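# let's see this in three dimensions:
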Amino acid sequence: MAEEIPVEVIADILSRLPVTSLLRFRSISKSWRSLIDSKHFMKLHLNNSLTNPNPNLTNLILRHNTDLYRADFPSIGAAVNLNHPLMCYSNRINILGSCHGLLCICNVADDIAFWNPSLRKHRLLPYLPTRRTPEPENTIFAARVYGFGFDPFAADYKLVRISYFVNLHDRTFDSQVRLYSSRTNAWKALPSMPYALCCARTMGVFVHHALHWVVTRKLQPDQPDLIIAFDLSLESFSEMPLPETGYGDGDDDGEFEIEVALFEGCLCMIVNYHSTRVDVWVMKEYGLKESWCKLFSLMESPDLRSLKCLRPLGYSVDGVKILLEHNRKKLCWYDLRSKQVSHVRIPGMPNLNEGMICVGSLVPPSLPVENCRRQRKLGCENARKTRDDFLSQGFKLTL
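Purely as a prediction, here's the structure:
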């Protein structure tokens, strides 16, 4: 009977299942294994995950110090510890970005890996040192931010690193921009970014084949915050349009800071009025100023104290509640109808540093097939040398 079902129908049915089930079904027959392993099926499964939100295909990734966890979303059951591939050296692990089921993670030794936790496969990136002592006098290394995303025109996963330097004497700034391409397995230098970073969060937000950060034009207190976009195809920066009428509803709004986030596939702007009120805006049509829409506002309350940092993650199944990450310490549901907040306690999760939504996918973290054999040996050797150097320095310091 199964042989009478067209392959296209079988593929459509299987593409709606979670990765864990698909990995088991590979052992049913050679034809199913060939189908599930094919590039066409991988794209079909990914497209279903991105365009037709399905609780069975969505995960909540949680970070606490050196550990990463996964929980179902939006049901949020018990958290499962993920055996990530990087050594931590008794320090924390950082998530630099998420795209198409791949996580980009980094440790204190600057080992960086593209990792698919559903497939339990990863690949290390070539080591890239940071110029921490620039030439100009009185200039210091101030910050370093990343952004991870996909260039659909080149079919290439790219990682952007911006190293930011500030001159303490004249309050000028400079940046060092580097871009990694998965297709070439190499870093390259790009022109400096003509903006000053506002480093509230270190992860660039990937929306519509572009990465987004909050910046200012000058290092002055009265400079307004801006949102810039780095187009991964054009490899250039541009400014995003902000709401025409301003962010507040009254004359008492005062000063504020903004952050960016990804929410339900849209660019999201969080406006924080000195921790007393937070407004959450969503750009429903990318790049269109008129499409900015205020999703909700939250005031400080006994249930939600100190609104230092608030970030929406996703809707509940019925679309009535929004899961929020609060001050990078806890999760809570905000009911859009009742305006009530309820805290989320996840079994198996001790504490929280960060949370993000990540689809389950069959996307491999490897290079394109034509580059795999040529680059694998070189990449492994570079990663091993970096880790060995770091360990030897650590042992010398300890001794």
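# going by C-alpha atoms from here, please, whenever you check contacts or count neighbours.
Fine.
# if you skip the residues just before and after it, what's nearest to S163?
Sequence neighbours aside, R144 is the residue nearest to S163 in space, at 4.4 Å (criterion: C-alpha to C-alpha, 6 or more residues apart in numbering).
# flag the shaky bits of the stretch 101-250 of the chain, pLDDT-wise.
Counting by pLDDT under 70, the ranges of the stretch 101-250 of the chain that qualify are 131-136, 199-202, 245-250.
# quick one, strands of it?
102-106, 112-116, 121-124, 139-151, 156-167, 173-181, 186-190, 196-197, 203-207, 210-216, 226-231, 236-239 (DSSP state E, counting those that start in this stretch).
# same check, this time on the stretch 251-399 of the chain
With DSSP E, counting those that start in this stretch as the definition, the stretch 251-399 of the chain shows strands at residue ranges 257-263, 266-273, 277-283, 292-299, 310-315, 321-326, 330-335, 341-344, 354-359.
# redo those strands as TSV? Include mean pLDDT, distance to H45 and mean neighbour count.
Shown next, in TSV, are the strands of the stretch 251-399 of the chain (pLDDT from 0 to 100; distance: least, C-alpha to C-alpha, whole Å; neighbours: other C-alpha atoms under 10 Å):
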stretch	mean pLDDT	distance to H45	mean neighbour count
strand 257-263	91	21	21
strand 266-273	92	21	22
strand 277-283	93	26	22
strand 292-299	92	30	16
strand 310-315	92	21	22
strand 321-326	92	25	22
strand 330-335	92	29	20
strand 341-344	90	30	16
strand 354-359	91	10	22
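# of the ones you listed, which is nearest D37?
strand 354-359 (18.1 Å; C-alpha to C-alpha).
# quick one: list the elements packing against the closest one.
strand 58-64, strand 310-315 (3 or more C-alpha pairs under 8 Å, 6 or more residues apart in numbering; DSSP states H and E).
# repeat the analysis, applying 7 Å as the threshold.
Helices and strands touching strand 354-359, as assessed by 3 or more C-alpha pairs under 7 Å, 6 or more residues apart in numbering; DSSP states H and E, comprise strand 58-64.
# what sits against the residue most central in space within the chain?
Against the mean C-alpha coordinate of the chain, by C-alpha atoms, centre = their mean, the closest residue is G97 at 2.7 Å. G97 makes contact with L103, C104, G147, F148, M203, according to C-alpha atoms under 7 Å, 6 or more residues apart in numbering.
# surely it is within a helix?
No: if the criterion is DSSP: H, G, I helix; E, B strand; the rest coil, then G97 is strand and not within a helix.
# before we move on, back to that, closest to Y315 out of the strands of the stretch 101-250 of the chain?
strand 203-207 (17.8 Å).
# run the chain-centre distance for the closest one.
From the chain centre to the centre of strand 203-207 is a distance of 6 Å (C-alpha atoms, centre = their mean, to the nearest Å).
# in its sheet, what does that strand sit against?
strand 139-151 (parallel), strand 210-216 (antiparallel) (DSSP bridges).
# contacts for that strand?
With C-alpha under 7 Å, 6+ apart as the criterion, strand 203-207 contacts 96-97, 145-149, 211-213, 260-262, 265-267.
# so R92 touches T66, yeah?
Yes: contact criterion C-alpha atoms under 7 Å: R92 and T66 qualify, at 4.2 Å.
# what's the closest non-adjacent residue to K121?
Distance criterion C-alpha to C-alpha, 6+ apart; nearest residue to K121, sequence neighbours excluded, is W115 at 5.9 Å.
# actually L168, not the one I typed
Nearest non-adjacent residue to L168 (C-alpha to C-alpha, 6+ apart): N138, at 5.6 Å.
# now do A229
H212 (4.6 Å).
# got a list of what the one you found touches?
G204, V205, F206, I227, I228, A229, F230.
# now do 6 Å
Residues in contact with H212 (C-alpha atoms under 6 Å, 6 or more residues apart in numbering) are G204, V205, I228, A229.
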